[in-house]
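Fold the following, please.
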Amino acid sequence: MAIIFIFAKAFGLLARKLKAPQVVGEIVAGLIIGPSVLGLVKLNDFLSICAEIGVILLMFSAGLGTNLKELLKTGPKALAIACAGVFVPLAGGTLLYSCFYGFAEVGSEKFLTAVFIGVIMTATSVSITVETLKELGKLKSELGTTILSAAIIDDVIGILVLTFVIGFKDPKTNPLNVVLSTLAFFAVTVVVGFLLYKLFKAIDRKYPRSRRVPILALALCFIFAYCAEKFFGIADITGAYAAGIVLCRLRDSEYIEEKMDINSYMIFGPIFFASIGLKTRVDGITFDLVLFSVAFVLVALVTKIIGCGATSRLCGFKGREALKIGVGMMTRGEVALIVAQKGLAVGMISSQYFTAVILLIIVSSIATPILLKLLFSKDKPKDKKITAAG
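Modelled structure (predicted):
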């Protein structure tokens, strides 16, 4: 653990200096200290469990950070953009894998692997986009709000798709049962979640900003994660995300998220991201896999731009504005890694495909701010005229 923390922090800081997300540095750290390079650390059961806790905490924090009011108030534009931003990459990833490794019968294990490659592409991480839009002064514009709202809905739909696909992994699974169990989980979550929200609201009112609230919230996170997988056959991260959504409107939700981030940032987060590198085997990489990884990145970026950009155009945004939305939605981050990790855990993909996912995160994180700044730079003369007129 000491080796993981030291290398993860060092490479995380190096990545930040290079204007890349810190998680990229932590993944590279895992790759270097793992069996593929230095061989200093081997992934054992203890580290695997810590990594799993890290995933759950990340998704719980994502749920806590959701602005439910904005999500519910979001109009059909953001919903349409988000749907296209999920299903176009989903179809593109499925087709890509099928073209490389052959088309398979619907419902077969090979077909599910192809679909899961598409599922990995559906994830959106707009943290880089948010920083770029903030720097350009466009975060609170209609375009910035649309991107943020669409990204939130995008993640919700992506998690639903992940739940369905993992549910079909067992060949004995009845598709109708998967649908019913998923609907049952969300129905129970709405009812139980509402009652728990009222309970937590009363506790939060009586004991504001006290440690007992985050502790109880953490317990709720693990309960939801356990029940989702044990009783409904749904991914534990879906339960953790739902628990975060339940508590996201508490007055002290930011305080809870802050406490969760301490655990995640200090211990479980670095272990999770480093474990991705530890699982990635470069010794088994072939030319075909390199070719697939490059194609994977290109398809993932292009399908987001086409899906979100074209739908934005249909929703009334002009050509360049629609392109900005498409580019803003193409970044990938920790959610893509979490989805890939879940696929590896249930045997839907092999660890070699993490190479493609890591490459996608690096390329999209570098390309997105550059392209957005380039697109917005063409609007500057117009903005100056408006300002002068004002």
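
and the end-to-end length of stretch 133-147?
In stretch 133-147, first residue to last residue: 10 Å (Cα to Cα, to the nearest Å).

With stretch 275-290 instead?
Taking Cα to Cα, the first and last residues of stretch 275-290 lie 21 Å apart.

tell me the mean pLDDT for that stretch?
Model confidence over stretch 275-290, given as mean pLDDT, is 76.

Could you do stretch 229-244 as well?
83.

Pull out the buried residues from stretch 157-169.
Buried residues in stretch 157-169, defined by neighbour count with 16 or more other Cβ atoms under 10 Å: 157-159, 161-169. Quick note: C-beta positions are derived from backbone N, CA and C, even for glycine.

Show which residues not belonging to it make contact with it.
The contact list for stretch 157-169, computed with Cβ atoms under 8 Å, 6 or more residues apart in numbering, reads 82-83, 86, 90, 107, 112, 115-116, 119, 122-124, 173, 175, 178-179, 181-182, 233-235, 237-238, 241, 335, 339, 342-343, 346-348.

Surely G193 is in contact with V246?
Yes - between G193 and V246 a contact is recorded at 3.9 Å, counting by Cβ atoms under 8 Å.

Those two: who's more crowded?
V246 (25 against 18; other Cβ atoms under 10 Å).

shouldn't that one be in contact with V190?
No - counting by Cβ under 8 Å, V190 is not a contact partner of V246; they are 9.2 Å apart.

For R16, see how far away I120 is.
Per Cβ to Cβ, to the nearest Å, I120 is found 25 Å from R16.

biggest helix in the protein by residues?
Selection of the longest helix in the chain by residue count, based on DSSP state H, yields helix 175-206.

Any buried residues in that one, and which?
For helix 175-206, using 16+ other Cβ under 10 Å, the buried residues are 178, 181-182, 185-186, 189, 193, 196-197, 200, 203-204.

So which bits of whatever helix or strand comes next after it are buried?
Sequence order places helix 212-232 as the next helix or strand after helix 175-206, per DSSP states H and E. Residues 213-214, 216-218, 220-222, 224-225, 227-229, 232 are the ones in helix 212-232 that count as buried (16+ other Cβ under 10 Å).

circling back: farthest pair within the buried residues of stretch 157-169?
Farthest-apart pair in the buried residues of stretch 157-169 is I157 and K169; separation 19.6 Å (Cβ to Cβ).

All the strands of the stretch 1-150 of the chain, residue numbers only.
Read by DSSP state E, counting those that start in this stretch, the stretch 1-150 of the chain holds no strands at all.

any weak-confidence spans in it?
Filtered on pLDDT under 70, the stretch 1-150 of the chain yields the residue ranges 19-21, 70-75, 107, 126-128, 130-132, 134-135, 139-140.

which residues of it fall in helices?
Ranges of helices in the stretch 1-150 of the chain, per DSSP state H, counting those that start in this stretch, are 2-17, 22-33, 45-64, 68-73, 76-101, 109-122, 127-136, 142-167.

S275 is nearest to which of the ones you listed?
helix 45-64 (4.1 Å).

Give me the residues contacting that closest one.
Helix 45-64 is contacted from outside by 1, 4, 41, 155, 218, 221-222, 225, 236-238, 240-248, 253, 256-257, 260-261, 263-264, 267-269, 271-273, 275, 278, 334-335, 338, 341-342, using Cβ under 8 Å, 6+ apart.

And those residues, which of them are buried?
If we count by 16+ other Cβ under 10 Å, the contacts of helix 45-64 have these buried: 4, 41, 155, 218, 221-222, 225, 236-238, 240-248, 253, 256-257, 260-261, 263-264, 267-269, 271-273, 275, 278, 334-335, 338, 341-342.

Among these, which ones are in helices?
If you go by DSSP H, the buried ones among the contacts of helix 45-64 have 4, 155, 218, 221-222, 225, 236-238, 240-247, 253, 256-257, 260-261, 263, 269, 271-273, 275, 278, 334-335, 338, 341-342 in helices.

Could you list the low-pLDDT ranges of the stretch 201-350 of the chain?
Ranges of the stretch 201-350 of the chain meeting pLDDT under 70: 281-284, 334.

Swap in 90 and give it another go.
204-212, 228-242, 244-245, 248-290, 293, 313-322, 324-325, 327-350 (pLDDT under 90).

now, among the buried residues of helix 212-232, which is nearest to T303?
Nearest to T303 among those, with distances taken as Cβ to Cβ, is A228, at 28.7 Å.

What count of nearby residues applies to the closest residue to that closest one other than its chain neighbours?
Distances taken as Cβ to Cβ, 6 or more residues apart in numbering put G239 closest to A228, at 2.9 Å, once the chain neighbours are dropped. Using other Cβ under 10 Å, the number of residues around G239 comes to 29.

Now do the contacts for G239.
Residues counted as contacts of G239 (Cβ under 8 Å, 6+ apart) are 185, 224-229.

What of I267?
Contacts of I267 by Cβ under 8 Å, 6+ apart are 50, 54.

now the one 5 residues further on
Applying Cβ under 8 Å, 6+ apart, one finds that F272 lies in contact with 50-52, 54-55, 58, 341.

So for it, what's the nearest residue that isn't a sequence neighbour?
That would be G54: by Cβ to Cβ, 6+ apart, it lies 3.1 Å from F272.

Quick check: closest non-adjacent residue to the residue nearest the centre of the chain.
Geometric centre of the chain, nearest residue: V335, 1.9 Å, by Cα atoms, centre = their mean. In space, and not counting its chain neighbours, V335 is closest to A123: 4.0 Å by Cβ to Cβ, 6+ apart.
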